[in-house]
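[1] Any chance you can model this:
(one chain, ligands or ions: 1)
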Amino acid sequence: MFDTKRLSICLTAHAMLWLIASTVTAQAQLAPTPQTGAGPMYRSDAPATVNLWQPGDPGQPLHIDGWVRGTDGKPIVGATLNVWQADATGSYHEDRYRATLRTGKDGKYRFSTVLPGQYYSAKHIHVAVTHEAYEEVVTRILFKGDPHLDEVTTRELAIPLEEGTIKGKTFLFGRFDIVMQPIGQK
Ligand SMILES: [Fe+2]
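    Sure, this is the predicted structure:
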């Protein structure tokens, strides 16, 4: 005889397993970092350095680090970051506050700079990330609490900054993780 009660229990268990499996899959898939466009101040010839800041520069010294990962959560080794920003007064320069850097074996990057001044919109640092196996990410690092944050996208990209000291000097520290979409997987 057909046991409808048992069948419904089996179906329920199956549905629950599917739900758990799909939840686990969803957790493993990270959303790609929102794109904001490069704006007019991009240059492709930024020097290879992790230091955009020089002693004597005005502004608050700032350390940024982060993890570049694929949507599968795995670190991306050897991604290239082009970073550019305004100085502490909000002015862009052709030969300053620009850098090209790469992620290490752990998929992490870091650089030192100063907190940029305001330039039309909220304070921001431009970042363009490339890797042969991933879609380019062109985005901006923004800062929580900035009264000029407006669009939803820019609010998503805003990171908190914490104050700390290194050898008695005060720095701001922020972490900005980047997620890249593999080419051909839309
Ligand atoms: Fe800008």
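[2] Excluding sequence neighbours, find me the nearest residue to Pro58.
    Spatial nearest neighbour of Pro58, excluding adjacent residues (C-beta to C-beta, 6 or more residues apart in numbering): Ala88 at 4.7 Å. No exception for glycine: its C-beta is placed from N, CA and C like everyone else's.
[3] if I read this right, that neighbour contacts Gln60, doesn't it?
    Yes. Ala88 lies in contact with Gln60 (C-beta atoms under 8 Å); the separation is 7.4 Å.
[4] any shared contact partners between the two?
    Counting by C-beta atoms under 8 Å, 6 or more residues apart in numbering, the shared contacts of Ala88 and Gln60 are Val114, Leu115.
[5] Which strand or helix spans the residue nearest to Pro58?
    For Ala88, there is no enclosing helix or strand under DSSP states H and E.
[6] contacting residues around it?
    Counting by C-beta under 8 Å, 6+ apart, Ala88 touches Asp57, Pro58, Gly59, Gln60, Val114, Leu115, Pro116, Gly117.
[7] for Met41, same thing?
    Met41 makes contact with Trp84, Tyr92, His126, according to C-beta under 8 Å, 6+ apart.
[8] C-alpha coordinates for the helix or strand where Leu172 lies, PDB please?
    Per DSSP H and E, Leu172 falls inside strand 169-175. Extracted in PDB, the C-alpha atoms of strand 169-175 (Å, rounded to 0.1, in the frame of the first residue of the first chain):
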ATOM      1  CA  LYS A 169      52.400  58.700  15.700                       C
ATOM      2  CA  THR A 170      48.600  58.600  15.100                       C
ATOM      3  CA  PHE A 171      47.300  56.900  12.000                       C
ATOM      4  CA  LEU A 172      43.900  55.900  10.700                       C
ATOM      5  CA  PHE A 173      43.400  52.300   9.700                       C
ATOM      6  CA  GLY A 174      40.800  50.900   7.300                       C
ATOM      7  CA  ARG A 175      40.100  47.600   5.600                       C
END
